[in-house]
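Trainee: fold the following for me, if possible:
(2 chains)
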Amino acid sequence: MTDLYTLISTGLIWKNIVMILVGLGLVYLAVKKNYEPLILLPIGITAVLVNIPGTGLTDPPNGFLYLVYHYLIETEVVPLLIFLGLGAMTDFGPVIADPKSLLLGASAQIGVFVAMLTALLLGFNAREAASIGIIGGADGPTTIYLTVKLAPHLLAATAVAAYSYMSLVPLIQPPVIKALTSREERRIRMKQLRPVSKKEKIIYPVAAMIIVGFLVPSAAPLIGMIMIGNLFRESGVVERLRKAASEELMNIVTIFLGVGVGSTMVADKFLTLQTLLVLGLGVVAFASATAGGVLFAKLMNLFVKEKVNPMIGAAGVSAVPMSARVVQKLALEEDPENYLLMHAMGPNVAGVIGTAVAAGVFLSLLGG
Amino acid sequence: MNELMLGLYVTVVGVTIVFTVLSILAVTVYLLKYIGKQKTKQPVEEKETMEASGKTGEIARGGISIEKIQPPVDPETLSAITAGIIGFQEAKKKRLMRIDLFREYPTLARLLPLAGIHYKAEVEVSVQGSPKKIIVEELGIGYYKVVIGNREYTVVVRK
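Mentor: Residues are numbered from 1 along each chain as shown, chains lettered A, B, ... in the order given. This next block holds a predicted model:
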């Protein structure tokens, strides 16, 4: 436990003050700007708490926040339960109706690898770079899941970057999309998606879990949990479980996730050059993922009969449903009768799977 | 340098695996369509029967309502035909106004087919984002011949 006297004598107190201000900044963004409040609020206020000297909250073996982090975050329990809840909340119908949206979800993962290479060039090691790159997947739980395994010392920075930038998607994505598409391309209308039967929706999570599980076993925990949650939803026979997973359980684990991540934002670990670089690389990750999706959609248009509006590729960065909404907004700006939301939801939820697979690849190749 | 090489290796392998896995998943999902086909086709079949029987009309855009259509069509084609007839009526109206003969269209203009004067127009419509060229010919009052591609339909519009 570091008490106030020690902090003052070692000159660390200013760092704690800065961190308290950072925490309050996150609280402000959550409350005033409504930026991902469910996660940024607990992270921010916990960051304030852990930087008050002498509380012992993060000290092993009995500090409360140490226990939360050690038993729930470090063991991956919370990120995986979040995935269960996400599965119970996600409608994979748009993906089933338009399977090529899975390829758009895959293409946005190119940004993950671009950001990883950029991080390597800036001096991070491969495991750190992978944890930074995955921010481009715009999937908070996956980012936390991977970072805890590969570079736990970067957890606070990557989690804050992932969730902050997710809420900044409406600011980050439009300039990239507009720079890479012509007005004509943005005005492309797409054929209405076909209706999807209940049978397809039930088979999909089972098939996806088995296929991804066999091909990338290291991604199986993430994909497995999201698909179990989704089966709860689509089967229609376990309404209580679906409700529990998507509401009560989701709310509880979100609290633990926020508090657990916030507990890692202690001054001496967070206030480093690395953190600033991670935050900067987060933007690179988001922008390159957006570009990857858009460019792949343009490439796809060279081969498909029915043209795809390239903007929907941008939704491949997950950030459900934020990036799909961004695409919808841009489409309406160009053509008030062009409704792309459902088309964008396909790559959007496909991006979640793509990011989980990318995380699985990192774990396989870089060790977990 | 080693780390960078490792990163490049991870990138090549990673991108390949991500695309491979999601492509396999896409193919699987594509095949799922055939499992669900029977289920999703039912509503369309019901509609076809309705249209074929001519017992009920489809309230459509622009204030026109299709009373009967032969042969039976799916909803998308019905929508295209409806749009085509609306487009035809607009084209006809403009043509008649240009010669300043009938200002009170459609009251008087509608009588032209009785005199054996049939108007024909090629209309381009957009149905769910895809453009279609439709040839519409008015055979009588509220009675049309509509050609889409190589298929021909006879349509009765409710008066």
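Trainee: residue A:113: how many residues sit nearby?
Mentor: 29 (other Cβ atoms under 10 Å in any protein chain shown). Any C-beta I mention is one placed from the backbone N, CA and C, and that applies to glycine too.
Trainee: tell me the SS of it?
Mentor: Reduced to three states with DSSP: H, G, I helix; E, B strand; the rest coil, the structure at residue A:113 is helix.
Trainee: model confidence over the helix or strand harbouring residue A:274, on average?
Mentor: Counting by DSSP states H and E, the element that carries residue A:274 is helix A:273-301. When pLDDT is averaged along helix A:273-301, the result is 93.
Trainee: what packs against the following helix or strand past it?
Mentor: With elements assigned by DSSP H and E, the helix or strand that comes after helix A:273-301 is helix A:322-334. Applying 3 or more Cβ pairs under 8 Å, 6 or more residues apart in numbering or on different chains; DSSP states H and E, we find helix A:322-334 packed against helix A:169-180, helix A:183-186, helix A:341-366.
Trainee: now do 10 Å
Mentor: The contact analysis (3 or more Cβ pairs under 10 Å, 6 or more residues apart in numbering or on different chains; DSSP states H and E) places helix A:322-334 against helix A:155-167, helix A:169-180, helix A:183-186, helix A:273-301, helix A:341-366.
Trainee: the last one vs chain B: in contact?
Mentor: Yep, that's helix A:341-366 we're talking about. Yes: legend: contact between helix A:341-366 and chain B by Cβ under 10 Å from any Cβ of the partner chain is shown at A:343, A:350-351, A:353-362, A:364-366.
Trainee: so for that helix, what's the average pLDDT?
Mentor: Helix A:341-366 carries an average pLDDT of 94.
Trainee: what of the first one?
Mentor: Looking at helix A:155-167 alone, the average pLDDT works out to 87.
Trainee: now the shortest one
Mentor: Here helix A:183-186 scores 94 as its mean pLDDT.
Trainee: output that helix as PDB, nothing but the C-alphas.
Mentor: C-alpha atoms of helix A:183-186 as PDB (Å, rounded to 0.1, in the frame of the first residue of the first chain):
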ATOM      1  CA  ARG A 183     -20.800  10.600 -54.500                       C
ATOM      2  CA  GLU A 184     -22.200   8.100 -57.000                       C
ATOM      3  CA  GLU A 185     -20.900   5.200 -55.000                       C
ATOM      4  CA  ARG A 186     -22.400   6.600 -51.800                       C
END
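Trainee: with mean neighbour count and distance to residue A:68 added, can I get the helices and strands packed on helix A:322-334 in TSV?
Mentor: TSV is the format used below for the helices and strands packed on helix A:322-334 (neighbours: other Cβ atoms under 10 Å in any protein chain shown; distance: least, Cβ to Cβ, whole Å):
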stretch	mean neighbour count	distance to residue A:68
helix A:155-167	26	13
helix A:169-180	18	28
helix A:183-186	14	45
helix A:273-301	22	21
helix A:341-366	28	23
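Trainee: which residues touch residue A:241?
Mentor: A:84, A:88, A:228, A:229, A:231, A:232, A:233, A:235, A:249 (Cβ atoms under 10 Å, 6 or more residues apart in numbering or on different chains).
Trainee: and it, what helix or strand is that in?
Mentor: Judged by DSSP H and E, residue A:241 forms part of helix A:239-243.
Trainee: so how far is that helix from its chain's centroid?
Mentor: 24 Å (Cα atoms, centre = their mean, to the nearest Å).
Trainee: re the thing from before, want to try CSV for the contacts of residue A:241, with secondary structure as columns?
Mentor: Converted to CSV, these look like this (three-state DSSP):
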residue, secondary structure
A:84, helix
A:88, helix
A:228, helix
A:229, helix
A:231, helix
A:232, helix
A:233, helix
A:235, helix
A:249, helix
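Trainee: just want the angle from the helix holding residue A:274 to helix A:341-366.
Mentor: Going by axes from the mean of the first three to the mean of the last three Cα atoms, to 10 degrees, helix A:273-301 is angled at 120 degrees with respect to helix A:341-366.
Trainee: any idea how many residues pack against residue A:194?
Mentor: Residue A:194, neighbours per other Cβ under 10 Å, totals 14.
Trainee: might one say that it is in contact with residue A:346?
Mentor: No: applying Cβ atoms under 10 Å as the test, residue A:194 and residue A:346 come out as separate, 11.9 Å apart.
Trainee: circling back to that earlier point, mind giving me the PyMOL command for buried ones among the contacts of residue A:241?
Mentor: Here is the PyMOL command that selects the buried residues among the contacts of residue A:241 (16 or more other Cβ atoms under 10 Å in any protein chain shown):
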select buried, chain A and resi 84+88+228+229+231+232+233+249
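Trainee: most widely separated two among the contacts of residue A:241?
Mentor: The largest separation in those, counting by Cβ to Cβ, is between A:235 and A:249 at 17.2 Å.
Trainee: stretch A:277-297: how far from the chain's middle?
Mentor: Distance, stretch centre to chain centre, for stretch A:277-297: 13 Å (Cα atoms, centre = their mean).
Trainee: next one: stretch A:184-200
Mentor: On Cα atoms, centre = their mean, the centre of stretch A:184-200 falls 25 Å from the chain's centre.
Trainee: go through that stretch and flag the buried ones.
Mentor: Within stretch A:184-200, the residues scored as buried using 16+ other Cβ under 10 Å are A:185, A:186, A:188, A:189, A:190, A:193, A:196, A:197, A:199, A:200.
Trainee: quick revisit: quick one: mean pLDDT for the helix holding residue A:241?
Mentor: If you average the pLDDT values across helix A:239-243, you get 95.
Trainee: skip the chain neighbours and tell me the closest residue to residue A:25.
Mentor: With Cβ to Cβ, 6 or more residues apart in numbering or on different chains as the criterion, residue A:25 has its nearest non-adjacent residue at 7.2 Å, and that residue is residue A:44.
Trainee: ok, now residue B:120?
Mentor: residue B:137 (4.3 Å).
Trainee: helix, strand, or coil at the one you found?
Mentor: strand.
Trainee: show me what it bridges to in the sheet.
Mentor: According to DSSP bridges, the residues that bridge with residue B:137 are residue B:120, residue B:145.
Trainee: how near is it to chain A?
Mentor: 28 Å (Cβ to the nearest Cβ, to the nearest Å).
Trainee: which residues does the residue of the stretch 251-368 of chain A found nearest chain B contact?
Mentor: Residue nearest to chain B within the stretch 251-368 of chain A: residue A:361 (4.4 Å; Cβ to the nearest Cβ). Contacts for residue A:361 (Cβ under 10 Å, 6+ apart) come out as A:109, A:112-113, A:130, A:216, A:218-219, B:10-11, B:13-18, B:21.
Trainee: now with 7 Å, please.
Mentor: A:216, B:13, B:14, B:17, B:18 (Cβ atoms under 7 Å, 6 or more residues apart in numbering or on different chains).
Trainee: now the first one: phi and psi?
Mentor: Here the main-chain torsion angles of residue A:216 (degrees, to the nearest 10) amount to phi -130, psi 80.
Trainee: skipping its backbone neighbours, what lies nearest it in space?
Mentor: residue A:360 (4.2 Å).
Trainee: ok, now which ones touch that neighbour?
Mentor: So residue A:360 contacts A:216, A:218, A:219 (Cβ under 7 Å, 6+ apart).
Trainee: would you mind checking those for buried ones?
Mentor: A:216, A:218, A:219.
Trainee: out of the residues you listed, flag the one nearest to chain B.
Mentor: Comparing the buried ones among the contacts of residue A:360 against chain B with Cβ to the nearest Cβ places residue A:216 closest, at 6.0 Å.
Trainee: does chain B sit close to stretch A:111-131?
Mentor: Yes: against chain B, stretch A:111-131 shows contacts by Cβ under 7 Å from any Cβ of the partner chain at A:113, A:116, A:117, A:120, A:125, A:126, A:129.
Trainee: how about the contacts made by the fifth one?
Mentor: With contacts defined as Cβ under 7 Å, 6+ apart, the neighbours of residue A:125 are residue B:3.
Trainee: sweet, I'm off.
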